[in-house]
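Engineer: Model the following, please.
(one chain, ligands or ions: 2)
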Amino acid sequence: MLTVRAPATSANLGSGYDVFGIALSGPADVLRVEKAPRTTLSVTGAGSQYIPEDPAQNTVGAVVDALDAPARIRIDKGIRPASGLGSSAASAAAAALALNELYDRGYSREELVSIAAKGEAVVAGEAHDDNVAPALLGGFTVATPDGVTHVPADLQLVVCLPDIVVSTSDARAVVPDGVRLDEMVETVGNAATLTAGMERDDPYLVGRGMRESVVTPSRAKLIDGYGHVHDRALEAGATGVTISGAGPAVLAVCPEGFKRRVAAAMVEGFDDRGVEARAFQTTVGEGARLLDT
Ligand SMILES: Nc1ncnc2c1ncn2[C@@H]1O[C@H](COP(=O)(O)OP(=O)(O)O)[C@@H](O)[C@H]1O
Ligand SMILES: N[C@@H](CCOP(=O)(O)O)C(=O)O
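Structural biologist: Ligands and ions are numbered 1, 2, ... in the order given. Okay, here's the model as predicted:
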């Protein structure tokens with residue numbers, strides 16, 4: 001039997017819609033896999049009552065098929081589904097790493113990204129790599145159709161998860177079909193600033209580079225209290241705030257020593273609007289890894 005931990009991830013970072021992602025040091029999913037003649041799944045933990053155990057409907061099933069690796073798989077969810085924290089991607093990434101090892105398939109982590117993305121296609125309708133790439137590689141990732149670029153990064157973060165459910169497919173439906181040239185120019189500038197900030201572990205550049213005015217405002221309407229929480233986090237010292245993935249989680253980048261007060265301000269901000277929320281004080285973290293059993 002093998003046990004694998006795969007982390008939550010935060011995709012987009014504002015200016016990098018469907019391209020940027022970071023691994024978080026927590027929370028995480030844990031998968032246990034052992035060879036079996038046919039695949040069976042059991043799911044426990046956060047939000048498990050909403051996650052199908054039929055392999056055909058679970059992100060893990062598509063990974064089993066892609067690696068031709070039937071197994072008895074137990075998923076312990078640390079990441080609530082429909083959170084904006086790459087819950088479905090974490091299971092897919094963990095399955096890819098675990099089954100590759102269990103069946104000695106010999107794929108590199110980079111090659112496993114597109115295999116894990118097949119799992120994401122099961123729930124999102126299309127394969128996007130921006131969660132599975134950091135879930136497998138860790139750090140900051142830039143995922144494009146030409147491949148994934150990986151930058152190790154060291155940043156202090158808070159993610160605040162309100163008690164609201166936003167499915168990725170609903171949040172994709174509100175994204176505008178096109179952008180104006182001035183919006184494109186602004187986004188390119190911010191995305192480049194953010195990337196430079198990641199290379200330098202600079203929370204001020206990363207925070208500034210997260211600004212984005214096309215996708216984020218459309219999706220903010222799906223998250224009660226988003227504007228207020230955004231402002232409260234900045235007042236408390238965050239250098240940048242945006243929607244994590246498709247939401248409803250909200251991501252804040254913090255200078256050293258500010259996470260506690262930013263976390264408190266974000267939870268209070270949601271509370272001001274009558275929404276319960278919990279905050280995770282975290283950092284950019286490592287990718288999926290095998291655990292000793
Ligand atoms: N292993 C899995 N973990 C989490 N969600 C899963 C899994 N397999 C299928 N799903 C389904 O995926 C959907 C959640 O995916 P999504 O809306 O993209 O949220 P998230 O951003 O948290 O991944 C839910 O409908 C859930 O039932
Ligand atoms: N780029 C995707 C990312 C979805 O992330 P999730 O964690 O909400 O599944 C999007 O923005 O739709």
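
Engineer: Show the model's pLDDT score for E286.
Structural biologist: Per-residue pLDDT puts E286 at 98.

Engineer: Would you agree it is in contact with I22?
Structural biologist: No - between E286 and I22 there is no contact under CB atoms under 8 Å: 11.3 Å. (Each C-beta comes from the backbone N, C-alpha and C, glycine too.)

Engineer: and the residue sitting furthest away from the middle of the chain, what is it in contact with?
Structural biologist: In the chain, the residue that sits farthest from the middle, by CA atoms, centre = their mean, is P37; the gap is 32.0 Å. Going by CB atoms under 8 Å, 6 or more residues apart in numbering, P37 touches P70.

Engineer: Excluding chain neighbours, what is closest to the closest residue to ligand 2 within the chain?
Structural biologist: As assessed by CB to the nearest ligand atom, ligand 2 sits closest to G245 within the chain, at 2.8 Å. Nearest residue to G245 in three dimensions, chain neighbours excluded: G84, at 3.8 Å (CB to CB, 6 or more residues apart in numbering).

Engineer: do the same with V148
Structural biologist: Spatial nearest neighbour of V148, excluding adjacent residues (CB to CB, 6+ apart): A133 at 4.7 Å.

Engineer: Secondary structure element holding that neighbour?
Structural biologist: helix 132-137 (DSSP states H and E).

Engineer: quick check, that helix touching ligand 2?
Structural biologist: No - with CB under 6 Å from any ligand atom as the criterion, ligand 2 is not reached by helix 132-137; the gap is at least 10.1 Å.

Engineer: name the helices or strands packed onto that helix?
Structural biologist: If contacts are counted by 3 or more CB pairs under 8 Å, 6 or more residues apart in numbering; DSSP states H and E, helix 132-137 sits against strand 2-11, strand 20-35, helix 87-102, helix 109-124, strand 140-144, strand 147-151.

Engineer: buried residues in stretch 189-206?
Structural biologist: Buried residues in stretch 189-206, counted by 16 or more other CB atoms under 10 Å: N190, A191, T193, L194, T195, G197, M198, D202, P203, L205, V206.

Engineer: just so I have it, where are all the strands in the stretch 151-293 of the chain?
Structural biologist: Assigned by DSSP state E, counting those that start in this stretch, the stretch 151-293 of the chain shows strands spanning 156-162, 240-243, 250-254, 277-283, 289-291.

Engineer: In CSV: these, plus mean neighbour count.
Structural biologist: CSV is the format used below for the strands of the stretch 151-293 of the chain (neighbours: other CB atoms under 10 Å):
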stretch, mean neighbour count
strand 156-162, 25
strand 240-243, 27
strand 250-254, 29
strand 277-283, 19
strand 289-291, 13
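
Engineer: Please produce TSV containing the ones you listed, extended by distance to I75.
Structural biologist: Formatted as TSV, these follow (distance: least, CB to CB, whole Å):
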stretch	distance to I75
strand 156-162	19
strand 240-243	26
strand 250-254	24
strand 277-283	20
strand 289-291	14
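
Engineer: Show me the one of those strands that comes nearest ligand 1.
Structural biologist: Nearest of these to ligand 1, taken as CB to the nearest ligand atom: strand 156-162 at 10.0 Å.

Engineer: Using CSV, list the CA coordinates for the closest one.
Structural biologist: Extracted in CSV, the C-alpha atoms of strand 156-162 (Å, rounded to 0.1, in the frame of the first residue of the first chain):
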residue,chain,number,x,y,z
GLN,A,156,3.3,34.2,3.5
LEU,A,157,-0.4,33.7,2.7
VAL,A,158,-3.9,33.6,4.2
VAL,A,159,-6.8,31.9,2.5
CYS,A,160,-10.2,32.6,3.9
LEU,A,161,-13.0,30.0,3.0
PRO,A,162,-16.5,31.3,3.6
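
Engineer: Which neighbouring elements make contact with it?
Structural biologist: Strand 156-162 packs on strand 2-11, strand 20-35, helix 226-235, strand 250-254, helix 259-272, strand 277-283, going by 3+ CB pairs under 8 Å, 6+ apart.

Engineer: swap the cut-off to 10 Å and go again
Structural biologist: Secondary-structure packing of strand 156-162 (3 or more CB pairs under 10 Å, 6 or more residues apart in numbering; DSSP states H and E): strand 2-11, strand 20-35, helix 203-209, helix 226-235, strand 250-254, helix 259-272, strand 277-283.
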